[in-house]
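Enquirer: Give the three-dimensional model of this entry:
(one chain, ligands or ions: 1)
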Amino acid sequence: MAMAYLAWRLARRSCPSSLQVTSFPVVQLHMNRTAMRASQKDFENSMNQVKLLKKDPGNEVKLKLYALYKQATEGPCNMPKPGVFDLINKAKWDAWNALGSLPKEAARQNYVDLVSSLSPSLESSSQVEPGTDRKSTGFETLVVTSEDGITKIMFNRPKKKNAINTEMYHEIMRALKAASKDDSIITVLTGNGDYYSSGNDLTNFTDIPPGGVEEKAKNNAVLLREFVGCFIDFPKPLIAVVNGPAVGISVTLLGLFDAVYASDRMVFFSLLPLQATFHTPFSHLGQSPEGCSSYTFPKIMSPAKATEMLIFGKKLTAGEACAQGLVTEVFPDSTFQKEVWTRLKAFAKLPPNALRISKEVIRKREREKLHAVNAEECNVLQGRWLSDECTNAVVNFLSRKSKL
Ligand SMILES: CCCC/C=C\CC(=O)SCCNC(=O)CCNC(=O)[C@H](O)C(C)(C)COP(=O)(O)OP(=O)(O)OC[C@H]1O[C@@H](n2cnc3c(N)ncnc32)[C@H](O)[C@@H]1OP(=O)(O)O
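Expert: From the prediction side, this is the model:
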């Protein structure tokens, strides 16, 4: 009887199942990417579009455009390396040379993709102007939007590399609680600007309450425990769209996400291109791991690899983090936003109850353990924050930045 009913339902269906429908754009996109190559005409059109850009895309993008243009027209870098004091030509040479033996055709395609990602009609890595708040209300440090079944929580302190200050911890918790109850299917965290997040705002340690440093450490431990607890208990699929480098707690929390998509974005440090990194400099700061990473990282990447990161502060590139299992997939920065959001929109069309129930099945047997780990990590950190090692490290950072 049940089989007959199922056959009847299937026969009546005029369109494919939701799974087929939603997975189509992803397959299509990959087919397009492999089957299509930008023509010379597309390339020339893109060069013209660059001249028409209303807003300066910034040195980082201009260097990338320069490098791709040279690679597409002349092939691999064939110029002698400029001297160290010839800063501008050296930056250009470095950018071109970093493309290695990328074929001309691929460079042309990447150039076209990059220019198209600069078009205002498409989302780019810097997704909103600093400080703008398009759809959300009541958030100072975040932009929260909800559309296509996706609630997007975007860190919005780009000038501070999206460092998480006390207000932002509270706002993230509030946004997560709202997202867990709204009608969205999945929730995404991402960053505005060139960083995903530089982790805990180190000035959080400077406003000392009347009860002194002990009270401050206690308050921070309570806040951190509650904050991490929200990620442990979040009921819907939670996805990180890592648009740039990530530091500290913004890295450790990734072990509690359901998927992590990262850009291979290059950031420029003193005009030198560096690949986006995942960095947990806890020992350097006299601190210890949080975000349940003391439990999740050894499970995800093996105890020894976790030790290198969490104890010795080894920075991983996006590619390395992917190889270690912390990142689910890495995308070229030029097409990152387009590819990831196409995929996420497809995920958000899957049956919502199935997604939540499946997440719960996976999380259920770990939840108690994760809360116990979180409590212990916060307890240990409370002691660390009162140590000379930690105080000196924070003072060093703040005085380096002329804040003391
Ligand atoms: C409730 C407590 C929970 C505690 C839990 C978590 C622990 C952690 O997260 S530990 C990790 C802490 N984070 C760091 O150690 C990163 C510190 N920042 C840096 O090392 C550099 O700023 C960074 C490498 C991220 C970027 O370097 P640059 O590209 O050279 O930029 P600037 O340094 O000039 O940064 C611009 C601007 O942002 C301010 N900034 C950046 N990150 C932080 C931060 N984490 N805390 C406070 N301020 C930060 C920086 O000071 C600059 O500010 P201005 O000088 O006012 O422009």
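Enquirer: use CA for all of it now, contacts and neighbours both
Expert: Will do.
Enquirer: residues in this structure within reach of the ligand, list them.
Expert: Within the chain, the positions adjacent to the ligand are 159-161, 163, 198-203, 220, 223-224, 247-249, 282, 401 by CA under 6 Å from any ligand atom.
Enquirer: Which of these fall within strands?
Expert: The strands in this structure, assigned by DSSP state E, contain V247 from those.
Enquirer: Helices - which of the residues of the chain next to the ligand land there?
Expert: 220, 223-224, 249 (DSSP state H).
Enquirer: what's the weakest-modelled helix or strand in the chain?
Expert: helix 18-35 (a mean of 28; mean pLDDT, DSSP states H and E).
Enquirer: Specify the next element, helix or strand, located C-terminal of that helix.
Expert: On the C-terminal side of helix 18-35, the closest following helix or strand by DSSP states H and E is helix 40-52.
Enquirer: what about dumping the CA coordinates of that next one to PDB?
Expert: C-alpha atoms of helix 40-52 as PDB (Å, rounded to 0.1, in the frame of the first residue of the first chain):
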ATOM      1  CA  GLN A  40      40.200  37.000 -25.900                       C
ATOM      2  CA  LYS A  41      37.100  39.200 -26.400                       C
ATOM      3  CA  ASP A  42      36.000  38.500 -22.800                       C
ATOM      4  CA  PHE A  43      39.500  39.400 -21.600                       C
ATOM      5  CA  GLU A  44      39.500  42.700 -23.600                       C
ATOM      6  CA  ASN A  45      36.000  43.500 -22.300                       C
ATOM      7  CA  SER A  46      37.200  43.000 -18.700                       C
ATOM      8  CA  MET A  47      40.200  45.200 -19.300                       C
ATOM      9  CA  ASN A  48      37.800  47.900 -20.400                       C
ATOM     10  CA  GLN A  49      35.600  47.300 -17.400                       C
ATOM     11  CA  VAL A  50      38.500  47.900 -15.100                       C
ATOM     12  CA  LYS A  51      39.000  51.300 -16.500                       C
ATOM     13  CA  LEU A  52      35.300  52.100 -15.800                       C
END
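Enquirer: immediately after that helix, which helix or strand?
Expert: Proceeding N to C from helix 40-52, the next assigned helix or strand is helix 59-74, under DSSP H and E.
Enquirer: The residue nearest to P158 when sequence neighbours are not counted - how many residues pack around it?
Expert: In this structure, P158 finds its nearest non-sequential neighbour in G193, 5.1 Å apart by CA to CA, 6 or more residues apart in numbering. Residues lying near G193 (other CA atoms under 10 Å) number 24.
Enquirer: What of P352?
Expert: 18.
Enquirer: tell me the pLDDT at the residue nearest to it when sequence neighbours are not counted?
Expert: Leaving aside its sequence neighbours, P352 sits nearest to I185 (CA to CA, 6+ apart; 5.7 Å). Here the pLDDT value assigned to I185 is 97.
Enquirer: Look at the nearest residue to P76 once chain neighbours are set aside and tell me its secondary structure.
Expert: What sits nearest to P76 in space, not counting adjacent residues and going by CA to CA, 6+ apart, is S101, at 5.5 Å. Here S101 is coil, with the state taken from DSSP: H, G, I helix; E, B strand; the rest coil.
Enquirer: For S101, report the pLDDT, please.
Expert: 91.
Enquirer: Please report how far it lies from C77.
Expert: The gap separating S101 from C77 is 9 Å, by CA to CA, to the nearest Å.
Enquirer: nearest residue to G100 other than its sequence neighbours?
Expert: That would be P76: by CA to CA, 6+ apart, it lies 6.0 Å from G100.
Enquirer: just S334 next, same as before
Expert: Distances taken as CA to CA, 6+ apart place L114 nearest to S334, at 4.6 Å, with adjacent residues excluded.
Enquirer: now the angle from whichever strand or helix holds that neighbour to helix 59-74?
Expert: Element membership of L114 [criterion: DSSP H and E] is helix 104-118. Interaxial angle of helix 104-118 relative to helix 59-74 (axes from the mean of the first three to the mean of the last three CA atoms, to 10 degrees): 150 degrees.
Enquirer: Return the list of helices and strands in contact with helix 104-118.
Expert: helix 40-52, helix 59-74 (3 or more CA pairs under 8 Å, 6 or more residues apart in numbering; DSSP states H and E).
Enquirer: For the stretch 51-200 of the chain, give the residue positioned nearest to the ligand.
Expert: K160 (3.2 Å; CA to the nearest ligand atom).
Enquirer: Look up how far R343 lies from the residue lying closest to that residue once chain neighbours are set aside.
Expert: Nearest non-adjacent residue to K160, counting by CA to CA, 6+ apart: S198, 8.0 Å away. According to CA to CA, S198 stands 26 Å off from R343.
Enquirer: and these two? which has more neighbours close in?
Expert: Taking other CA under 10 Å, S198 and R343 do not tie; S198 has more neighbours (24 against 18).
Enquirer: Run through the residues that contact that one.
Expert: By CA atoms under 8 Å, 6 or more residues apart in numbering, the contact list for S198 reads 160-164, 245-248, 250.
Enquirer: Apply 6 Å and report the result again.
Expert: Residues near S198 by CA atoms under 6 Å, 6 or more residues apart in numbering: 161-163, 246-247.
Enquirer: Give the buried subset of the residues of the chain next to the ligand as a ChimeraX selection command.
Expert: To isolate the buried members of those in ChimeraX, using 16 or more other CA atoms under 10 Å:
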select :161,163,198,199,200,201,202,203,220,223,224,247,248,249,282
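Enquirer: thinking again about what came up before, burial measure for the residue nearest to P76, as a count.
Expert: 12.
Enquirer: go on, K41?
Expert: 9.
Enquirer: I'd like to know how far S250 sits from D333.
Expert: Using CA to CA, S250 is found at 20 Å from D333.
Enquirer: nope, S387 is what I was after
Expert: To D333, S387 is 40 Å away according to CA to CA.
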